[in-house]
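[1] Have a look at this prediction, sequence included:
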Amino acid sequence: MEILLPALLTIITAATPLLFAALGELVTEKSGVLNLGVEGMMVMGAIVGFATVHVSGSATLAILASILAGMLMAAIFALLVLKFHASQVPTGLALTIFGIGLSALIGQSMIGVAYDGIPQIAIPLLADIPLLGRLLFQQDFLVYLSIVMVVSVSWFLYRTRAGLILRAVGDSHDAAHAMGYSVIRIRLLAILFGGAMAGLGGAYLSLAYSPLWVEQMTAGRGWIALALVVFATWRPARVLLGAYLFGGITILQLHAQAFGIAVPSQVMSMLPYLATIVVLVIISSDRSRIKLNAPASLGRAFHPSR
Amino acid sequence: MRPESLLPVFVKRPLPSRAMVYLSPLLALTLTLLAGSVLFLTMSVPPLQAMYAFFIEPLSSVYGLTELAVKATPLVLIGVALALGFRAGVWNIGAEGQLIIGGLCGGAVALYFYEQEGFYILPLILLAGIIGGMLWAAIVAFLRTRFNANEILTSLMLSYVASLLINLMVHGPLKDPEGFNFPESRLFSESAMLPILFEGTRLHLGAVFALLVVAAGWLMLSRSLSGFQIKAMGSASAAAEHAGFSSNRIIWMTLLLGGGVAGLAGTIEVAGPIGQLLPTISPGYGFTAIIVAYVGRLHPLGSLLAGLLLALTYLGGETAQINLGLPVAVTGVFQGLLLFFLLACDVFIHYQLQWRRSGSSGEAA
């Protein structure tokens, strides 16, 4: 168990950014909008957070800035999709291309700058439990927040009236519109929430997971988050499961050598991407299950009839 | 009572505007240049000087023009193929991976025939590249048609796998034995390289292939049954299926086409301007080709013009880096901005602006 502890700890840190981004995208998709720009929003969250902590020294400020950056990116997407009737797939792709470019531009002077990482918070008493305490109750603030967000999103979607309306908009925007709900406003909020969460996921990468800036440091995590939403069949609790599963696969490459597995590092690095494909295939092949769980209006444009 | 004010509202046109289809890219380009100027101002770079370095200077010499063609070649090739797929609603966004695998396969054949002569070597290299790209895309088509797996995500994941795979190969089996352990292959022999069209430049035979693919794509789209099926599947998939067009067949066809052409583009890169295998053989041509397809109005001829424009952003980025010390990343920002503005301007194809009083009925969409 003592040997496994560092591995288990890294699973948590590898899973957390995925968890944030996938939860945000889940809410966006539940409102009927497919935002393929997660990668772009995440990478912007990462650089803006890192730049903020570099300038101000405040981790709190950095996290808030990351959230704001993700939301600003999402706002561009929302403007194009909701106001300018642009189709969602190319707009999301544009967001990713733009985000990767802009983050590289902002981050060019930050390469090689070091940061200690956000502090860990030990929960009194609980953190003193042997092993388990170190694992579960001595994490940084964002890890706790990510778990809180799973519960909150789940509660919001399935236990509140607002959540019901959001799901209604995602399942049939025409019916929701006819009932007098503002499809555009609800989708705007869902998209902004998705951006905020992707920004948080990015912040976790550059402030906690590996506290430094590397160009394109998200390395496809935004796309894996998109796949996680399908894997979870649009259920928040299953996103948690999926994120930790992928966290496990991601850290396999870090600890393979420690366990004496002699495989080229590139092959180990392929694992998360290959696992994403395998998981997608397994979940998607059950067409009726996807049809039952996917928001019925997902990806479809909404034109209010007047 | 709220104070009355006039608000702009998009109202659907009775018929889509043909003129806007063609004006939109020009409008988007203008807006990109304006936004780019603002960007340069914030970086305290004189905008006119930067714009000159970016968009004029690369075109002011014959060598610059040939370099433009070299960079446009992979973009045009892939842009044409992606345009056909996007028209059918098949979202192959992993052309980058298919390009890499094509380059890897073509490169492996080139290295197999190291220091050998023969007219057959170059065709074999190109063929290997095409087949490699096709096989990589075939995985996507198989997973989509057999298991219903979303092609956007699978093709993209395979791009990451492809870039790791070529990295692995140039670190291992394909590494130059006399290369002091650098992760790169031997330089290809003369017989494995694409012939140069004009002495003293890097313009190679691949540019001709790009023009041929444009012509072939145009013929296919406008004259062949497959082209008609592609257009029908994209605009009215239910009707197309009723007419007996198989959506699986179109998914396979567009993906194999996209993969094959991307593979060809990758081979052209390694057997043309690069001349060996490196850990990275493309600065994201496969992704930029998505923008090429859109700016080119999902039309082969349009992709040719758009490919040249996007090639200029790469070339201009290099010039601006050398002359003004601007980071290369500016290229990516320009490309993203261009696609944003294009998508925004495209609203005018189907909608027109009307000014309405804020109190009037109807949701301001």
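    Noted; the coordinates are in hand.

[2] tally of neighbours for residue 30?
    No chain in the question, so chain A it is. Other residues lying near A:Lys30 total 25 when counted by other C-beta atoms under 10 Å in any protein chain shown. Heads up, the C-betas are built off the backbone N, CA and C, glycines and all.

[3] wrong one, I was asking about chain B
    Neighbour tally, B:Thr30, other C-beta under 10 Å: 12.

[4] What separation do you get for it and chain A?
    17 Å (C-beta to the nearest C-beta, to the nearest Å).

[5] For that residue, what is the enclosing helix or strand?
    Counting by DSSP states H and E, the element that carries B:Thr30 is helix B:18-42.

[6] Next: B:Gly129.
    Per DSSP H and E: helix B:121-147 holds B:Gly129.

[7] Tell me the helix or strand right after the helix holding B:Thr30.
    helix B:47-51.

[8] gap between that next one and the chain center?
    Remark: helix B:47-51 is offset 26 Å from the chain centroid, using C-alpha atoms, centre = their mean, to the nearest Å.

[9] about what we covered before: tell me how far the helix holding B:Thr30 lies from the chain's centre.
    Distance of helix B:18-42 from the chain centroid (C-alpha atoms, centre = their mean) equals 19 Å.

[10] looking just at contacts, which helices and strands does it meet?
    If you count contacts as 3 or more C-beta pairs under 8 Å, 6 or more residues apart in numbering or on different chains; DSSP states H and E, helix B:18-42 packs onto helix B:47-51, helix B:330-345, helix B:347-350.

[11] now for these, which one comes closest to B:Gln98?
    helix B:330-345 (19.7 Å; C-beta to C-beta).

[12] and the angle from the closest one to helix B:18-42?
    Angle, helix B:330-345 to helix B:18-42, by axes from the mean of the first three to the mean of the last three C-alpha atoms, to 10 degrees: 140 degrees.

[13] Number of residues surrounding residue 114?
    Because you didn't say which chain, this covers chain A. With other C-beta under 10 Å as criterion, A:Ala114 counts 8.

[14] please go with chain B instead
    So B:Tyr114, with other C-beta under 10 Å, has 13 neighbours.

[15] for it, phi and psi?
    Main-chain dihedrals, B:Tyr114, degrees, to the nearest 10: phi -60, psi 130.

[16] What residues does the stretch 151-300 of chain A have near chain B?
    Applying C-beta under 8 Å from any C-beta of the partner chain, one finds that the stretch 151-300 of chain A approaches chain B through A:177, A:182, A:184, A:215, A:219-220, A:223-224, A:226-227, A:230, A:264, A:266-267, A:269-270, A:273-274, A:276-277, A:280-281, A:284-285, A:287, A:290.

[17] List buried members of the residues you listed by neighbour count.
    A:177, A:184, A:219-220, A:223-224, A:226-227, A:230, A:266, A:269-270, A:273-274, A:276-277, A:280-281, A:284, A:290 (16 or more other C-beta atoms under 10 Å in any protein chain shown).

[18] low pLDDT regions in chain B?
    B:1-4, B:358-365 (pLDDT under 70).

[19] Tell me which helix or strand the spatially most central residue of it sits in.
    The residue lying closest to the centre of chain B (C-alpha atoms, centre = their mean) is B:Ala289, at 1.1 Å. Using DSSP H and E, B:Ala289 maps to helix B:285-295.

[20] For B:Val80, see how far away the residue of the stretch 101-250 of chain A found nearest chain B is.
    Relative to chain B, the nearest point of the stretch 101-250 of chain A is A:Gly101 (2.4 Å; C-beta to the nearest C-beta). Using C-beta to C-beta, to the nearest Å, A:Gly101 is found at 24 Å from B:Val80.

[21] the more surrounded of those two?
    Taking neighbours as other C-beta under 10 Å, A:Gly101 and B:Val80 compare with B:Val80 leading, 33 against 24.

[22] pretty sure the more buried one contacts B:Met220?
    No: assessed by C-beta atoms under 8 Å, B:Val80 is found out of contact with B:Met220, at 9.6 Å.

[23] and B:Val297, how many residues sit next to it?
    Quick fix: residue B:297 reads Arg, not Val. Counted with other C-beta under 10 Å, B:Arg297 comes out at 20.

[24] Count the neighbours of B:Gly89 for me.
    Residues lying near B:Gly89 (other C-beta under 10 Å) number 16.

[25] quick one: low-confidence parts of the stretch 101-250 of chain A?
    A:125, A:131-134.

[26] Residue numbers of the stretch 151-300 of chain B in contact with chain A?
    B:152-154, B:156-158, B:160-161, B:164-165, B:167-168, B:171-172, B:287-288, B:290-291, B:294.

[27] Cool, thanks, signing off.
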